[in-house]
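Peer 1: Sequence first, predicted coordinates after that:
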Amino acid sequence: MAKASASSSGKSKPAAAKTTPKPDDGDNFALRSLQEALDKQKRFKADNDQLLHFYEQMLLIRRFEEKAGQLYGLGLIGGFCHLYIGQEAVAIGLQSALDNDVDSVITGYRDHGHMLAYGIDPNVIMAELTGRAAGISKGKGGSMHMFSTEHKFYGGHGIVGAQVSLGGGLAFAHKYNEDGGLCLAYFGDGAANQGQVYETMNMAALWNLPIVFVVENNQYAMGTAVRRSSAETEFYRRGTAFRIPGMEVNGMDVLEVRQAAEIAFAHVREGNGPVLMECNTYRYRGHSMSDPAKYRTREEVQEQREHHDPIERVKKDLAAVGVDEDKLKEIDKAIRATVAEAADFAETSPEPEPSELYTDVLVEEY
């Protein structure tokens with residue numbers, strides 16, 4: 001038991017009064033300053049070429065995932081398959097702001113869109129989905145376990161929340177190697193209640209690691225509404241206990257996501273430690289292809305499609321700067337052809353040789 005302090009007269013001193021931080025306290029300000037910066041300018045000022053590029057990339061993801069759903073229905077894709085339809089603005093908005101020479105990305109098992117956002121060949125991604133030797137993981141990873149160390153994309157992970165801890169390791173490597181890079185670690189609202197997520201946040205804050213934690217909050221995790229599974233549904237607040245600033249972002253607006261990325265990445269690159277970003281988005285399909293999504297109404301999904309679709313929002317932005325509707329139709333036609341070619345490539349590519357089972361299992365040298 002601690003002893004009471006005493007004065008020279010032997011009498012106990014009164015306990016020091018606790019002070020309540022003022023609203024403008026420096027530490028508290030640091031936790032909300034990024035949100036304030038975003039609120040001052042919500043959307044990235046893209047030029048016409050950038051805006052058109054965002055549209056093309058998002059539409060490629062949409063059409064690719066639609067085709068993947070068709071191939072799954074035909075039995076050409078096995079196992080689980082988690083589509084990214086509706087969430088395209090998150091991956092494009094964030095990854096378009098990365099330095100691809102040094103930065104790294106890691107995510108969960110809804111990973112096709114993130115790979116396409118990197119500009120990786122749709123042929124090798126579709127071939128991986130169908131388990132072919134030409135796939136980016138030689139057909140051994142499938143939908144949930146895609147990697148490209150060349151692009152510093154480290155998966156594609158099936159264990160819920162596990163990628164966050166690995167992302168902490170990637171961030172530690174960036175700091176250790178002094179390469180100037182940061183790690184972008186995606187996870188969903190379902191993974192947000194995993195203990196390892198908070199262990200990683202704690203260490204990242206302690207060690208001042210260059211990492212941006214991104215919650216892709218698509219509202220339903222595997223099939224349970226956020227309000228039924230989380231006591232704190234404002235996920236951007238979850239880093240406060242670790243003194244990590246949070247940002248709340250409209251994940252259905254690619255320009256807002258890109259603007260948030262500009263602010264968050266600059267903060268991290270300046271040596272200020274991690275950031276937690278919540279991108280509020282919405283998946284139109286079920287959790288996976290085997291999910292009938294009976295936990296929500298068709299009317300709810302339709303309302304999201306009609307009033308919040310990220311691709312339709314960009315189309316309106318393009319129309320506002322004078323881009324002709326016929327040009328957008330030409331782009332869509334070309335993307336559909338690209339996706340059809342990827343499907344044909346995947347269907348006609350050979351399966352891996354049986355000997356491939358024994359490669360890439362262990363690292364030979366440490």
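Peer 2: Structure received.

Peer 1: okay, CA-based contacts and neighbour counts for the rest of this
Peer 2: OK.

Peer 1: so where do the strands sit in the chain?
Peer 2: Along the chain, counting by DSSP state E, strands occupy 104-106, 183-188, 211-217, 246-250, 275-280.

Peer 1: If you count neighbours, what's buried in the lengthiest helix in the chain?
Peer 2: For the chain, the helix that runs over the most residues, judged by DSSP state H, is helix 48-73. Applying a neighbour-count criterion of 16 or more other CA atoms under 10 Å, one finds 51-52, 54-69, 71-72 buried in helix 48-73.

Peer 1: distance between stretch 34-50 and the chain's centre?
Peer 2: In terms of CA atoms, centre = their mean, to the nearest Å, the centre of stretch 34-50 is set 19 Å apart from its chain centre.

Peer 1: buried residues in it?
Peer 2: Residues 34-35, 38, 42-44 are the ones in stretch 34-50 that count as buried (16+ other CA under 10 Å).

Peer 1: and if you look at stretch 310-322?
Peer 2: Burial within stretch 310-322, assessed by neighbour count using 16+ other CA under 10 Å, is assigned to 310-315, 317-318.

Peer 1: quick check, nearest of those to residue 218?
Peer 2: Residue 218 has its nearest neighbour among these in residue 310, at 13.3 Å by CA to CA.

Peer 1: any chance you could map the helices in the stretch 101-250 of the chain?
Peer 2: Taking DSSP state H, counting those that start in this stretch to define them, one finds helices in the stretch 101-250 of the chain at 112-117, 122-129, 162-177, 195-206, 226-229.

Peer 1: just those helices: most buried one?
Peer 2: Most buried of the helices of the stretch 101-250 of the chain by mean neighbour count (mean count of other CA atoms under 10 Å) is helix 122-129; its value is a mean of 27.

Peer 1: Was I right to think residue 134 contacts residue 349?
Peer 2: Yes. Checked against CA atoms under 8 Å, the pair residue 134 and residue 349 is within contact range at 6.7 Å.

Peer 1: what touches both of the two?
Peer 2: Among the neighbours of residue 134, those also in contact with residue 349 (CA atoms under 8 Å, 6 or more residues apart in numbering) are residue 127.

Peer 1: So between the two, which is more surrounded?
Peer 2: residue 134 (21 against 15; other CA atoms under 10 Å).

Peer 1: residues in contact with the more buried one?
Peer 2: Counting by CA under 8 Å, 6+ apart, residue 134 touches 124, 127-128, 346, 349-350.

Peer 1: of all the buried residues of stretch 34-50, which comes closest to residue 168?
Peer 2: Taking CA to CA as the measure, residue 168 lies nearest residue 34 of those, at 21.1 Å.

Peer 1: State the pLDDT value of residue 64.
Peer 2: Residue 64 is assigned a predicted lDDT (pLDDT) of 97.

Peer 1: Fine by me, we can end here.
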